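1. predicted coordinates and the sequence they were generated for:
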Amino acid sequence: MNITVKAHKLDHKKSVSEYAEKKLEKLSRFFDHIQDITIDLDISQTANEDDQQCAAAVMHVSGTVIRAEEQSSSMYASIDLLIDKLEVQLKKYKEKLRDEHRRNTSHKHIQVSNKLTKYDNRPHKKEPRFIKKPMSPEEAAMVVEEELIPFLVFRNIENEKINVIYPQENNEYGLIET
């Protein structure tokens with residue numbers, strides 16, 4: 001993660017920059033795929049003669065850009081508020097990615113044959129395995145039936161995705177697509 005701190009019109013740039021870098025490094029514990037962060041620290045004049053300490057950040061994360069800005073009477077407080085905002089946005093983005101992954105994973109039930117026995121009564125002959133050759137779910141179900149394995153990981157010939165097939169008690173097979 002690359003961190004760039006740009007300080008404008010500040011008296012003690014080094015200590016504020018080090019403080020900002022230290023705080024920004026802690027964001028990596030919320031999300032691993034932060035590529036770089038640029039933070040701008042500036043003082044802006046307001047109409048009522050109070051100086052506002054501004055902190056703005058642009059964060060490049062795999063798949064998106066996150067921006068945030070905060071102002072307060074203290075630069076350290078502005079940085080803390082900015083970090084809190086970035087943390088919330090990172091958590092939301094991470095949850096969004098998790099939800100998308102969950103939606104893309106589906107479960108199907110397929111009927112293969114009527115002569116299948118209950119799974120619980122079958123002895124396990126071999127350990128589950130992964131077959132590299134693409135095959136249909138029906139072929140995979142036949143492999144599970146013939147080799148008496150509890151499940152099989154295979155590449156589905158129809159969509160080229162990795163699938164897992166397993167027998168169920170109702171003479172059907174469950175199919176998990178990833």
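-> Done, it's in.
2. what number of residues lie near residue 25?
-> 13 (other Cβ atoms under 10 Å). Every residue, glycine included, has its C-beta placed from N, CA and C.
3. what is the helix or strand where it lies packed up against?
-> Using DSSP states H and E, residue 25 sits within helix 13-25. In terms of contacts (3 or more Cβ pairs under 8 Å, 6 or more residues apart in numbering; DSSP states H and E), helix 13-25 is packed against strand 2-7, strand 34-45, helix 75-104.
4. and of these, who's closest to residue 137?
-> helix 75-104 (17.8 Å; Cβ to Cβ).
5. buried ones in the closest one?
-> 75, 78-83, 85-87, 89-90, 93, 97 (16 or more other Cβ atoms under 10 Å).
6. which helices and strands does it pack with?
-> Using 3+ Cβ pairs under 8 Å, 6+ apart, helix 75-104 sits against helix 13-25, strand 34-45, strand 51-61, strand 64-72.
7. for these, give me TSV that also has mean pLDDT and distance to residue 170.
-> Shown next, in TSV, are the helices and strands packed on helix 75-104 (pLDDT from 0 to 100; distance: least, Cβ to Cβ, whole Å):
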stretch	mean pLDDT	distance to residue 170
helix 13-25	88	53
strand 34-45	89	47
strand 51-61	89	44
strand 64-72	92	43
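8. circling back to that earlier point, gap between the helix holding residue 25 and the chain center?
-> 27 Å (Cα atoms, centre = their mean, to the nearest Å).
9. contacts for that helix?
-> In this structure, residues lying in contact with helix 13-25 by Cβ atoms under 8 Å, 6 or more residues apart in numbering are 1, 3, 5, 7, 10, 37, 39, 41, 55, 57, 75-76, 79-80, 83.
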